[in-house]
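Asker: Show me how the following folds:
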Amino acid sequence: MKKIKLYIATSFDGYIARPDGDLDWLTKAPNPEGEDFGYNTFLESVDTTLMENDTYKWLLNQGVEDPYPGLKNYVFTRNKKESTGFVEFVNDDSAHFAKKIREGDGKDIFLVGGGSIISPVLTAGLIDEIHLTIVPVFLGRGIPLFPTQVSDINILFSTIEVFKHSNGFISIKMEKEV
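Answerer: Residues are numbered from 1 along each chain as shown. As a prediction, this is how the structure comes out:
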């Protein structure tokens, strides 16, 4: 069975974006060593993305038409949209859809985006790995990593790896206990 993996960055106070969705605190963060924090290795382990619509819109606004070349990209939306050559729009419950496609063949699945996609998949117990990078910045407000509707979820992890880099980023990899 395919694993569902969340790879995401958060501010030290738990926000994944500013209130308006801006990621300048992340995209302009110093990275003097050019560290990718395992991102390229992570991408090699997946062949599918499940993406929140707001995240996809943000990517389009950055000029990224094909968000993850070579991967099957599903974008969750409340409105029926015609799929493009780069993404397939899905008008379905994200947890239900994730459960269904994880039973297919191939590599693992990359969960991309904010709380509206993370929360239902997490609540359903479908996230197998979390790759979390903590950026040493306080935003004070913004879009939370885990919205308030996520509560009382017990998660067991078998390993946690912490890597401190010269820019103060901390990368943590957690795997769900089998």
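Asker: When you work out contacts or count neighbours from here on, use the C-alpha atoms and nothing else.
Answerer: Fine.
Asker: residue ranges of the helices in the chain, please?
Answerer: Taking DSSP state H as the test, the helices found in the chain are 24-27, 39-44, 53-61, 94-101, 115-123.
Asker: Nearest to Gly70, out of those helices?
Answerer: helix 39-44 (10.4 Å; CA to CA).
Asker: So for the closest one, what gets flagged as buried?
Answerer: Buried residues in helix 39-44, defined by neighbour count with 16 or more other CA atoms under 10 Å: Leu43.
Asker: okay, the helices of the chain, which one's buried deepest?
Answerer: helix 115-123 (a mean of 20; mean count of other CA atoms under 10 Å).
Asker: what sits up against that helix?
Answerer: Under the criterion CA atoms under 8 Å, 6 or more residues apart in numbering, residues 51-52, 94-95, 98, 111, 127, 143-147, 149-150, 153 lie in contact with helix 115-123.
Asker: ok, now stretch 73-85?
Answerer: With contact meaning CA under 8 Å, 6+ apart, stretch 73-85 is reached by 48-53, 56, 67, 86-92, 94.
Asker: what about it, how long is it end to end?
Answerer: One end of stretch 73-85 to the other measures 10 Å (CA to CA, to the nearest Å).
Asker: now that stretch, how far from the chain's geometric center?
Answerer: Centre-to-centre, stretch 73-85 and its host chain are 18 Å apart (CA atoms, centre = their mean, to the nearest Å).
Asker: And stretch 60-77, by the same measure?
Answerer: A distance of 13 Å separates the centroid of the chain from that of stretch 60-77, by CA atoms, centre = their mean.
Asker: same question, stretch 17-29
Answerer: Relative to the centre of its chain, stretch 17-29 is centred 15 Å away, using CA atoms, centre = their mean.
Asker: for stretch 41-49, same thing?
Answerer: Offset of stretch 41-49 from its chain centre (CA atoms, centre = their mean): 12 Å.
Asker: What of stretch 136-146?
Answerer: 15 Å.
Asker: Which residues does that stretch contact?
Answerer: If you take CA under 8 Å, 6+ apart as the criterion, stretch 136-146 is touched by 10-21, 25, 114-115, 118-119, 168-169.
Asker: And stretch 20-27, by the same measure?
Answerer: Ala9, Ile16, Ala17, Trp58, Val135, Val137, Gly142, Ile143.
Asker: Just give me the closest of those residues to Pro30.
Answerer: Distances from Pro30 to these, taken as CA to CA, are shortest for Val135 (10.2 Å).
Asker: Pretty sure that closest one sits against Gly14.
Answerer: No: between Val135 and Gly14 there is no contact under CA atoms under 8 Å: 9.6 Å.
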